[in-house]
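Participant: This is a predicted model, with the sequence first.
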Amino acid sequence: MPKEEKNIINEILEIEAVLRERESGDFLARYNRGKVHEKQLAFHREKKRIRFVFGGNRSGKTECGAVECVYLLRGIHPFRENRENVSGWVVSVSFEVQKEVAQKKILRYLKKEWIHDIVMSDGRKGAPEYGVVDTIVVKNVFGGLSTLSFKSCEQGREKFQGASLDFVWFDEEPPRDIYEECRMRVFDREGDIFCTMTPLKGLTFIYDEIYLNRRDNKEVWHIEMQWEDNPYLNPDEVKQMSETFSEDVLDSRKFGRFSAASGLVYPEFDPSIHVIEPFCVPREWQDILSIDPGLNNPLSCHFYAVDYDGVIYVVAEHYEKGRDIDYHAEKIFEIAESLGWKRDHKGRLSALIDSAANQHTLASSKSVAELFYDKNILVNTNVNKELFSGIASVKSLLKKRPPAVFIFKNCVNLIRELKGYWWGNGDAPIKRDDHALDEFRYFVMSKPAPDLSAVRGKSAVQRDKEDLYLRIKRRKK
């Protein structure tokens, strides 16, 4: 049989399979079949216990929250260890929103034969889609029964106490007290918290705790969904809607981004583009360290490399507060050792540092720069600290395509600061959480150039000049 005919037959079989699923009403079987929403699948695959989807309206975020609930209740999750007799909550902003959004989605993905019982808060359980559901009892594939209860933030924190749960799904952003109470509800079972939301409330605690992950919680994960990520949206409609809204409205409604009236300093930063998995950087790319000193504030130090095309790589970080120079120097050398970082002939590292490091304090007869020098870190305090030209240079760097800067994912504090750097009411950024950004800016303003000698080879003149320089140095000794 010719290849073209085989392809046609396969397409017909696929269409027939979809039609059979539609006739059976098994919407779960159709989920991410045919057209695939890659970010929905990324959410389901993620093993961390606190997962947030920041999505624009109609980006597909609520669908994956509802499906996750059904997977867990039925014991059929494709990427997690399944349990029997699972207990969970769905938390909505109000009972009215519950009825129109989360409840509607859950009922869509639950086949009727999977439902053991329904308890209604309002309406008839024979027609739950027209009322307000209190609890759904679901048949688990292991033979037990799972329960899903619906809660409203309007009920207040007291109504969220006492239960022991396997998971909680927040459909939109909850108040802090309810979020923290629900965290306690899954604590003893090592359960999951997941939330699908459009960030319309500005820079709330969710921005700090989840998006920036200020506490560096290893169980926190998030993803952003926008209209273009949803394969079921018409591209022409997306274009038309994009032209309808203002830029600040599009940030949340289309892209699912947090926004403030003053705006982000670096909206050009895109973690999906600029953040990469670490790899072994060639010695020829290794450039220099950059340090922003601090005692009560964090000391931030990053290791920078530049490839032959001038692309910058932020390779590793040391970021800690409340420690002395001896401690910081020791940690920096530990990182250098692990990376095989280049040193001079005396084993010393080179670094850029804020010019404030030249100042003496009452606590020491030596400046910070001198203290680092004593610890074999040669710091150069002659850095360009001009704020606005530095910000402009970083913004220009982040805009470039193909990318001109990559940040290894282990540099969590630089990534967090890039995501959370906001303009103030005047013409300057808010002076908060900018320690890594300052030394990043120093490095960018140092205008690093790629070392092409390893690629081109050295000319005869260069070799002669180096030989002459070495002979002169020997005579001086």
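Facilitator: Nice, I can see it.
Participant: Tell me where the stretch 51-200 of the chain has strands.
Facilitator: Using DSSP state E, counting those that start in this stretch, the strands of the stretch 51-200 of the chain run over residues 87-92, 115-122, 132-139, 145-152, 167-171, 192-197.
Participant: what about those, which gets the closest to residue 98?
Facilitator: strand 87-92 (3.8 Å; CB to CB). Yep, even glycine has a C-beta here, placed from its N, CA and C like the rest.
Participant: Next, the buried residues of that closest one.
Facilitator: 87-92 (16 or more other CB atoms under 10 Å).
Participant: how long is stretch 416-434 end to end?
Facilitator: End-to-end distance for stretch 416-434: 10 Å, by CA to CA, to the nearest Å.
Participant: again, but for stretch 182-192
Facilitator: End-to-end distance of stretch 182-192 (CA to CA): 10 Å.
Participant: What residues of stretch 77-84 count as buried?
Facilitator: Within stretch 77-84, the residues scored as buried using 16+ other CB under 10 Å are 77, 83.
Participant: I'd like to check which residues are in contact with residue 369.
Facilitator: Residue 369 sits next to 353, 357-358, 379, 381 when contact means CB atoms under 8 Å, 6 or more residues apart in numbering.
Participant: so which of these comes closest to residue 211?
Facilitator: Of all those, residue 353 has the smallest distance to residue 211: 30.1 Å, by CB to CB.
Participant: ok, what's across the strand from that closest one?
Facilitator: Beta-bridge partners for residue 353, by DSSP bridges, are residue 291.
Participant: what about it, neighbour count?
Facilitator: Residues near residue 353, counting by other CB atoms under 10 Å, number 25.
Participant: Pretty sure it sits against residue 380.
Facilitator: Yes. At 6.8 Å, residue 353 and residue 380 qualify as touching, with contact defined as CB atoms under 8 Å.
Participant: before we move on, the earlier item: kindly reformat the contacts of residue 369 as JSON lines containing distance to residue 439 and pLDDT.
Facilitator: Below are the contacts of residue 369 laid out as JSON lines (distance: CB to CB, whole Å; pLDDT from 0 to 100):
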{"residue": "353", "distance to residue 439": "8", "pLDDT": "96"}
{"residue": "357", "distance to residue 439": "11", "pLDDT": "91"}
{"residue": "358", "distance to residue 439": "16", "pLDDT": "89"}
{"residue": "379", "distance to residue 439": "11", "pLDDT": "96"}
{"residue": "381", "distance to residue 439": "12", "pLDDT": "94"}
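Participant: Show me those residues that map onto helices.
Facilitator: Among the contacts of residue 369, no member falls in helices (criterion: DSSP state H).
Participant: In JSON lines, list those residues along with distance to residue 190.
Facilitator: JSON lines is the format used below for these (distance: CB to CB, whole Å):
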{"residue": "353", "distance to residue 190": "44"}
{"residue": "357", "distance to residue 190": "46"}
{"residue": "358", "distance to residue 190": "51"}
{"residue": "379", "distance to residue 190": "46"}
{"residue": "381", "distance to residue 190": "49"}
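Participant: Taking those, please make a ChimeraX selection of just the buried ones.
Facilitator: Buried residues among those (16+ other CB under 10 Å), as a ChimeraX selection:
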select :353,357,379
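Participant: circling back: distance to residue 439 and mean pLDDT added to the strands of the stretch 51-200 of the chain, as JSON lines?
Facilitator: Formatted as JSON lines, the strands of the stretch 51-200 of the chain follow (distance: least, CB to CB, whole Å; pLDDT from 0 to 100):
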{"stretch": "strand 87-92", "distance to residue 439": "41", "mean pLDDT": "97"}
{"stretch": "strand 115-122", "distance to residue 439": "55", "mean pLDDT": "96"}
{"stretch": "strand 132-139", "distance to residue 439": "53", "mean pLDDT": "97"}
{"stretch": "strand 145-152", "distance to residue 439": "45", "mean pLDDT": "97"}
{"stretch": "strand 167-171", "distance to residue 439": "37", "mean pLDDT": "97"}
{"stretch": "strand 192-197", "distance to residue 439": "33", "mean pLDDT": "97"}
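Participant: Using TSV, lay out these together with distance to residue 4.
Facilitator: Converted to TSV, the strands of the stretch 51-200 of the chain look like this (distance: least, CB to CB, whole Å):
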stretch	distance to residue 4
strand 87-92	48
strand 115-122	45
strand 132-139	45
strand 145-152	48
strand 167-171	46
strand 192-197	42
